[in-house]
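S.K.: Fold the following for me, if possible:
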Amino acid sequence: MNGMAEHAKAGAGATALFLRVAAAVVLCLVLAGCPWDDARENPKTDLSLAEEALKERDTGDAEMYFQRYLRKNPDGVERWKVWQNLLDLCLNIRQDKATAREYLEIMLVEFSADGKKRRAIQQQLAGLCDEARDHARAASLWEALAADPGTDDETKAATYRRLSQAYLRRLEFSAATDVLEMCLKLSVSGATKADCLYSLGEVQMLTENLSPAQKALEASIATAGVTPRRRVLATFMLADVLEQQERYDEARALFESIRSEYPNEKVIEQRILYLKDKKSKASAKPDVQVPPRFNRP
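M.R.: Numbering: from 1, shown residues only. Purely as a prediction, here's the structure:
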């Protein structure tokens, strides 16, 4: 009997010890957070899982984890970074520009109060709209960016040039010219001014205002700080304008001057041969004399 009692007493003691240890473990889990709860609830885990998925090139899972972080953390400090990761997945890995546009539209609302981020979003979204030929949406975004007092003059000049292109595609020729003239009033570098003059010359040439186009292109070429690439392209376009004015010798001389610099030398050679042919035909064409009886007094 005594043996059984001692055995029972020992068993009770072991049970008590087990209960105390179990209670201590539970307490530690409560205080520190148990690992399975952490994996389910800790927002940082979603980001680490997304990074792991990216390393494994599992873009589907990576996107899911990034999206889950955004859903679970409406005020999360990593939201901007996560949005950038989602855009990178769409644009650089999956080539899914439509989804990227959807993300940027959401971001534009979310970060509307942050001027710097808002302007960055507007630029990227407007560019995608241009590519998608959604010229109305692109124009509205470029307009908003140009009107933003926080937009610096260099960025504003680039914006005016993009806005002009959007107007051109909508056949709004006067508006396209107006914004480029506004571009020329900004305090910008010589290279940027030369770019604005080039764009203005392009619009005027397309609208067959050849004399103003010539002046704008000549000014672009002569601007201090013009880049070599812009000078060559402006010279090519100026030669085109002179050709349209039937000033073949001047046009050919300009093409000759950029023969070794233009990206495609064969194009230059073809234009030179074409101008030589036009000049010879024009020289060989006899003058048409109007009979006296058809002359007006």
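S.K.: Could you pull up the residues touching the residue lying closest to residue 202 once chain neighbours are set aside?
M.R.: With sequence-adjacent residues excluded and distances taken as Cβ to Cβ, 6 or more residues apart in numbering, residue 202 is closest to residue 237, at 6.5 Å. Just so you know, the C-beta spots here come from the backbone N, C-alpha and C atoms, and that holds for glycine as well. Remark: with contacts taken as Cβ atoms under 8 Å, 6 or more residues apart in numbering, residue 237 is in contact with 198, 201, 202, 205, 217.
S.K.: what residues are up against the first one?
M.R.: Counting by Cβ under 8 Å, 6+ apart, residue 198 makes contact with 216, 217, 220, 230, 233, 234, 237.
S.K.: From residue 276, how far out is the residue nearest to residue 202?
M.R.: Using Cβ to Cβ, to the nearest Å, residue 237 is found at 20 Å from residue 276.
S.K.: How about residue 156?
M.R.: Taking Cβ to Cβ as the criterion, residue 156 is separated from residue 276 by 44 Å.
S.K.: which of these two has more neighbours?
M.R.: Just comparing residue 156 and residue 276: by other Cβ atoms under 10 Å the higher neighbour count belongs to residue 156, 21 against 13.
S.K.: just for the stretch 151-297 of the chain, where's the confidence low?
M.R.: 283-297 (pLDDT under 70).
S.K.: tally of neighbours for residue 225?
M.R.: Every residue meeting other Cβ under 10 Å relative to residue 225 is counted, giving 12.
S.K.: swap that for residue 45, please
M.R.: Under the criterion other Cβ under 10 Å, the count of neighbours that residue 45 has is 15.
S.K.: Include secondary structure and distance to residue 247 when you put the contacts of residue 237 into TSV, please.
M.R.: Supplementary listing: the contacts of residue 237 in TSV, determined by DSSP: H, G, I helix; E, B strand; the rest coil; distance: Cβ to Cβ, whole Å:
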residue	secondary structure	distance to residue 247
198	helix	20
201	helix	16
202	helix	19
205	helix	14
217	helix	13
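S.K.: Perfect, I'm done here.
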